[in-house]
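>>> all I have is the shape, not the residue letters:
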C-alpha cells in the first residue's frame with residue numbers, strides 16, 4: 001500500500017510538472033496567435049518553423065532544448081535574436097496588413113519586428129484589452145471615476161491597485177522567468193519586453209480593477225448584480241487573453257496572474273476600511289504613507305539587469321502616496337463629501353445632455369492638466385535629481401536607467417500627478433464652478 005501511494009504521488013507530480021511546462025511553452029502562444037490571424041515576418045533562423053518544432057511537448061520530457069523558463073533558440077528574456085529582427089513598416093503583406101509593434105521602448109531602443117494581421121477585429125479588440133493595463137488608461141480612468149462618478153470608490157480602488165501591482169512587480173523580479181521566446185512567438189509590443197514575465201501584472205491589474213469596482217459598488221450603487229459581475233469578468237478575460245495575443249506572456253503567466261490577484265483581493269479587501277479611515281483621519285497619515293511607499297520602492301529591488309520594472313513600481317507607489325495625501329486633505333478641508341450611509345444605495349442620475357457635457361468638460365480639462373503636470377514635473381525633476389546624485393543629465397535615457405535617478409524621479413513625478421488628480425484639480429473645478 002505505501003508503495004502504491006508513493007507511485008501515485010510520483011505520477012501526480014509528473015503530470016503536474018508536464019502541465020505547468022506545457023502551459024509555459026511559447027509554442028502554445030505562437031499557435032494561439034496563428035489562430036487569431038497573427039503572422040510573424042521573421043528572417044534568418046526564425047523564418048520557418050518545422051512541424052516537429054511546433055508539436056506538443058511529450059510527457060516523457062521531449063523538447064528539453066528549452067530551459068525551465070521556456071527560453072528557446074538561445075534568446076534571453078524573450079528577446080528577439082538579431083537574425084530574426086527586422087524594421088517595422090506598414091502596408092500589405094502575404095498574410096494581411098503589415099504592422100510594427102505597439103509601444104516601442106525608447107529607453108531600451110528595442111524596435112521589435114514586423115508582423116502581419118489578417119483578423120483586424122481581434123487585433124483591435126486585444127489592443128483595447130492590453131491598453132486597459134497601460135499608463136494612459138490609468139491616468140484617464142481613475143481621475144474620471146473621481147471627478148464624475150464616486151471619489152469613495154476611486155480612492156479605495158486605487159489602494160487595491162497599488163498593492164496588487166506592487167506585489168506583482170516584486171514577484172516578477174523574484175521569480176525571474178523570461179518572456180516567451182521569439183521566435184516562435186510574435187511580439188506585437190516591446191515596451192515591457194525588458195521585464196520578467198511571471199506573473200502577468202497586466203492580468204493582475206485587469207482582474208483586480210474590474211472585480212474591485214464590482215466589490216466596491218455592488219452594495220453601494222443600484223444596478224443588476226449579474227450584469228456587474230458579467231462586465232467585470234469580461235473585462236478581466238479581455239485583458240488576460242490580450243497578453244497572450246500580444247506575445248508578451250505564456251498561458252501560465254496569465255493564469256497565475258489572475259489567481260494571484262484574487263488571492264491579494266481576498267487578503268487585502270477586508271482591511272480596506274481600516275486603511276482608508278487611517279489615511280483620511282490620522283494626522284500622521286501623510287508623512288507615514290509617503291515614507292512607507294518610498295521605502296517599499298527603495299528596498300524592494302535587487303535587479304540583475306535593468307528593466308522598466310523598477311521605475312514602474314516607483315511610479316505606482318508614488319501615485320498611491322500622492323492620492324493618499326490628497327484624500328487626507330480633501331477630508332480635513334471638507335472639499336469632497338462621501339454620502340452618508342442613510343443615502344445608500346445610490347442611484348445613477350438620469351442621463352441628459354447637460355450631465356454628459358459637464359462630465360466631458362471636467363474630464364478633458366482635468367486630463368489636459370494632468371498631462372501638463374506630468375510633462376512639467378519630468379522636465380524639472382530629472383535634471384534636479386541628476387544634479388543631486390552627481391550623474392550627468394545630458395543623456396536622459398542613460399541617466400534614467402540609474403537607480404539613484406530612476407526611483408526618486410518616477411516617485412516624485414507621479415506623486416505630483418496623483419496629488420493633482422485628487423486634490424488640486426478638484427479644488428480648481430470647485431473654484432471655477434465645474435462641481
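Arrived safely. These numbers come from a predicted model, not from an experiment.
>>> test my guess that residue 162 contacts residue 317.
Yes. Assessed by C-beta atoms under 8 Å, residue 162 is found in contact with residue 317 at 6.8 Å. Every C-beta, even on glycine, is put in place using the N, C-alpha and C of the backbone.
>>> comparing these two, which residue is more hemmed in?
Counted by other C-beta atoms under 10 Å, residue 162 and residue 317 do not tie: residue 317 has more neighbours, with 29 against 21.
>>> work out for me the element the nearest residue in space to the more buried one that is not next to it in sequence sits within.
Spatially, and ignoring its direct neighbours in sequence, residue 317 is nearest to residue 293 (4.2 Å; C-beta to C-beta, 6 or more residues apart in numbering). Using DSSP states H and E, residue 293 maps to helix 285-299.
>>> how about that helix: buried residues?
285-286, 289-290, 293-294, 296-297 (16 or more other C-beta atoms under 10 Å).
>>> also stretch 358-377?
Here stretch 358-377 shows 358, 362, 365-367, 369-370, 373-374, 377 as buried, counting by 16+ other C-beta under 10 Å.
>>> look at the nearest residue to residue 175 once chain neighbours are set aside and give its secondary structure.
Take residue 175 and drop its neighbours on the chain: the residue closest to it by C-beta to C-beta, 6+ apart is residue 198, 4.7 Å away. Here residue 198 is coil, with the state taken from DSSP: H, G, I helix; E, B strand; the rest coil.
>>> neighbours around residue 198, how many?
Residues lying near residue 198 (other C-beta under 10 Å) number 24.
>>> also the one 3 residues further on?
When counting by other C-beta under 10 Å, one arrives at 30 neighbours for residue 201.
>>> per-residue pLDDT of the residue nearest to it when sequence neighbours are not counted, please?
Sequence neighbours aside, residue 168 is the residue nearest to residue 201 in space, at 4.0 Å (criterion: C-beta to C-beta, 6+ apart). pLDDT for residue 168: 91.
>>> residues in contact with the residue nearest to residue 317?
317-318, 320-321, 411 (C-beta atoms under 8 Å, 6 or more residues apart in numbering).
>>> so which of the residues you listed belong to helices?
Those of these mapping onto helices are 317-318, 320-321, 411, per DSSP state H.
>>> can you say which of these are buried?
Among the ones in helices among the contacts of residue 293, those that count as buried by neighbour count (16+ other C-beta under 10 Å) are 317-318, 320-321, 411.
>>> before we move on, the earlier item: quick one: least confident of the buried residues of helix 285-299?
pLDDT across those is lowest for residue 297, at 81.
>>> and residue 405, what element?
helix 403-419.
>>> any idea how far residue 168 is from the residue nearest to residue 175?
10 Å (C-beta to C-beta, to the nearest Å).
>>> just residue 179 next, same as before
15 Å.
>>> which one of those two is surrounded by more residues?
Counting neighbours by other C-beta under 10 Å for residue 179 and for residue 168 shows that residue 179 has the greater number, 30 against 26.
>>> show the model's pLDDT score for the more buried one.
Confidence at residue 179, expressed as pLDDT, is 85.
>>> can you say which helix or strand has it in it?
Following DSSP H and E, there is no helix or strand that holds residue 179.
>>> isn't it up against residue 193?
Yes. Using C-beta under 8 Å, residue 179 makes contact with residue 193 at a distance of 5.8 Å.
>>> returning to that earlier point: how much space separates the residue nearest to residue 175 from residue 362?
Noted for residue 198: a distance of 40 Å to residue 362, by C-beta to C-beta.
>>> repeat that for residue 430.
Distance of residue 430 to residue 362, computed by C-beta to C-beta: 11 Å.
>>> check what pLDDT the residue nearest to residue 347 when sequence neighbours are not counted gets.
Excluding the flanking residues, the one nearest residue 347 by C-beta to C-beta, 6+ apart is residue 222, at 5.1 Å. What the model reports for residue 222 is a pLDDT of 88.
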